[in-house]
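Asks: Pasting the sequence and the predicted coordinates here, then a few questions.
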Amino acid sequence: MYTLGEIAKTINAKLVGDTDIEITGIATSLSANQAQLTYINGKKYKQTLINSKAGAVILNNDLLKNCPTNALIVDDVYLAFAKATHLFKKQVVPYQGIHPSVKTNHAKIAPNCTIGKNVVIGNHCTIASNVVIEDNVTIGNDALIQPNVSILQGCSIGNKVVISPGAVIGSEGFGNAQDQQKHWHSIAHLGCVVIGNNVSIGANTTIDRGTIEDTQIHNGVQIDNLVHIAHNVIIGQDSAIAATVTIGGSCMLGKRCMVGGGTTIASHISLVDDIIVTGASTVDRNLFEQGHYTGFTSISKHQKWKRIQVWLLNLDKIAHYLNIKLKKLKEK
C-alpha cells in the first residue's frame, strides 16, 4: 500500500488531488475502484476517463479537465505506468522443500519439489520430480504435474489438468516502455494465469501472466509442445493449439478454435468461435467470420513484400476488371 504522494514521487508526476489517499493496487480504467490506480493514454479514452471510479489516474495534462478523481500528470503515461507497476509487484521469498502451510490433500509429491506458502493442492493429484510451485497457487483435483514444471505465484489450475515436462505457467510477460534516452523500463506483470478444467498443456510451453488482469485458458483447451502464449491472452473453451504456435499479447480466441502448428498470431487479434487456421499461417487481422483460414507468402525484401501483398489482396478485383475488358474486346 502506498500513499498517492509516494507514488507521484516514484513516477515523477505532478499530483492534483489528495496526497494522503492510500492506493492498494493497479487496475484497468474500467474496473479500478477508489483504492486503485489506473492510467489513460490518449484522448480516444476520454469517455472512459470521465466514467472512471479509480482512486487516481495517470494521464497527460490535456486530459486533466476530464478527470473526475485524483490525477498524476506526466508527459509519458506508459512509462509512468511501467514504473508504478513495480510498486505493487508481490515478491516471492525463495523457499526450499514444502512450506508447512501447504494443503496437499494427500497428493503424491515426488522428491526435490519446491512448494511455497499458502498453496492448495486438490484430491488425487500427482506432482512429479523437480516441480516448482510458488506462493498462493491453487491446483484442482486429479491434476498431473509432470517433471520440471514451474507454476509461478498466484496462478490457478483447474481439475483434471495435465501439464507436461518443462512447461512454465505464469512467467513474466514481455512489456516495456522506452524513455527519452531510449532506455527500456520493464512493466511488472501483476495479473496471474487461470487455467480451467480438463486442459492439457504440452512440454516446454510457456504461458505468461497478465499485465493487470489474468491470462485465461478456458475449459477443455488442448495445447501442444513449445507453444508461447503471451500476457492477457484468452483462449476459449475446447480450442486446440498445435506445436510452436505463438500467440501475441491480448489476443482473444473464441470457443473451439483450431490453430495449426507454427502459426503466429499478432498481438491484439480477436478470433470468433470455430475458426480454423492452417499451420504456418500469420494472422495479422481480426477474424470475425467462422471458417478455415490460410495466410502466408514466401519471404522477400520487406518493401517488395508490401507491394506484393497489395496485389495479392486485390487479385479478385484485378481478375474481375480483366474479364470485363476481355469481354468488351470480344464484343468488338
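Replies: Good, I have the coordinates. Numbers count the residues shown, from 1 in each chain.
Asks: For beta bridges, what are the partners of Ile157?
Replies: Ile139, Ile195 (DSSP bridges).
Asks: ugh, wrong one, I meant Leu72
Replies: Leu15, Ile58.
Asks: need the contact list for it.
Replies: 4, 7-8, 11, 13-16, 37, 56-59, 80 (Cβ atoms under 8 Å, 6 or more residues apart in numbering). All C-beta atoms are positioned from the backbone trio N, CA, C, and that covers glycine.
Asks: how many neighbours does the nearest residue to Gln180 once chain neighbours are set aside have?
Replies: Setting aside the residues directly before and after it, Gln180 is nearest to Asp76 in space (Cβ to Cβ, 6 or more residues apart in numbering), at 7.9 Å. By the measure other Cβ atoms under 10 Å, the count of residues near Asp76 is 19.
Asks: For Asp76, list the residues it contacts.
Replies: Ala177, Asp179, Gln180 are the contacts of Asp76 under Cβ under 8 Å, 6+ apart.
Asks: Could you check how many residues crowd around Gln91?
Replies: There are 6 residues near Gln91, going by other Cβ under 10 Å.
Asks: From Gly116, how far off is it?
Replies: 12 Å (Cβ to Cβ, to the nearest Å).
Asks: that older thread, which of the contacts of Asp76 has the most neighbours?
Replies: Top of the contacts of Asp76 by neighbour count (other Cβ under 10 Å): Ala177, with 18 neighbours.
Asks: Could you verify my assumption that that residue touches Trp184?
Replies: Yes. If you go by Cβ atoms under 8 Å, Ala177 and Trp184 touch, sitting 7.3 Å apart.
Asks: Thr24 reaches Ala32, doesn't it?
Replies: No. Counting by Cβ under 8 Å, Thr24 sits too far from Ala32 to count as a contact (10.7 Å).
Asks: between those two, who's got more neighbours?
Replies: Ala32 (23 against 14).
Asks: For Thr126, which residues are in contact?
Replies: Ala107, Lys108, Ala143, Leu144, Ile145.
Asks: Identify the residue nearest the first one in space, chain neighbours excluded?
Replies: This means Ala107. Cys125 (4.1 Å).
Asks: Helix or strand next in line after the one helix or strand Ala177 maps to, which one?
Replies: Following DSSP states H and E, the helix or strand that holds Ala177 is strand 176-178. Going down the chain from strand 176-178, the next helix or strand is strand 184-186, by DSSP H and E.
Asks: for that following strand, packing partners?
Replies: helix 77-85, strand 176-178 (3 or more Cβ pairs under 8 Å, 6 or more residues apart in numbering; DSSP states H and E).
Asks: Run the chain-centre distance for it.
Replies: 18 Å (Cα atoms, centre = their mean, to the nearest Å).
Asks: Same question for stretch 16-26.
Replies: That offset, for stretch 16-26, works out to 27 Å (Cα atoms, centre = their mean).
Asks: What average pLDDT does it get?
Replies: Stretch 16-26 comes out with an average pLDDT of 97.
Asks: swap in stretch 122-141?
Replies: 98.
Asks: Now it: buried residues?
Replies: Residues of stretch 122-141 classed as buried: 122, 125-128, 130-141 (neighbour count, 16 or more other Cβ atoms under 10 Å).
Asks: How about stretch 3-18?
Replies: Quick answer for stretch 3-18 (16+ other Cβ under 10 Å): Leu4, Ile7, Ala8, Ile11, Ala13, Leu15, Val16, Gly17.
Asks: quick one: the helices in this protein?
Replies: All helices of the chain, identified by DSSP state H, fall at 4-11, 46-50, 77-85, 302-313, 315-331.
Asks: between those, which gets nearest to Val221?
Replies: Minimum separation from Val221 across the helices of the chain (Cβ to Cβ) falls at helix 77-85, 27.8 Å.
Asks: so what does that closest one touch, helix or strand wise?
Replies: Against helix 77-85 (3+ Cβ pairs under 8 Å, 6+ apart) you get helix 4-11, strand 25-26, strand 36-39, strand 56-59, strand 176-178, strand 184-186.
Asks: looking at the helices and strands packed on strand 184-186, which is buried most?
Replies: Mean neighbour count (mean count of other Cβ atoms under 10 Å) peaks for helix 77-85 among the helices and strands packed on strand 184-186, with a mean of 22.
Asks: I figured Val259 was touching Thr278, is that so?
Replies: No. Contact criterion Cβ under 8 Å: Val259 and Thr278 do not qualify, at 9.2 Å.
Asks: of the two, who's got more company?
Replies: Neighbour tally, Val259 and Thr278, criterion other Cβ under 10 Å: the higher count belongs to Val259, 28 against 16.
Asks: Quick check: beta-bridge partners of that one?
Replies: Ile241, Val277.
Asks: okay, now the residue nearest to Ala56 when sequence neighbours are not counted: neighbour count?
Replies: Nearest residue to Ala56, sequence neighbours excluded (Cβ to Cβ, 6+ apart): Asn70, at 4.0 Å. If you count neighbours by other Cβ under 10 Å, Asn70 ends up with 20.
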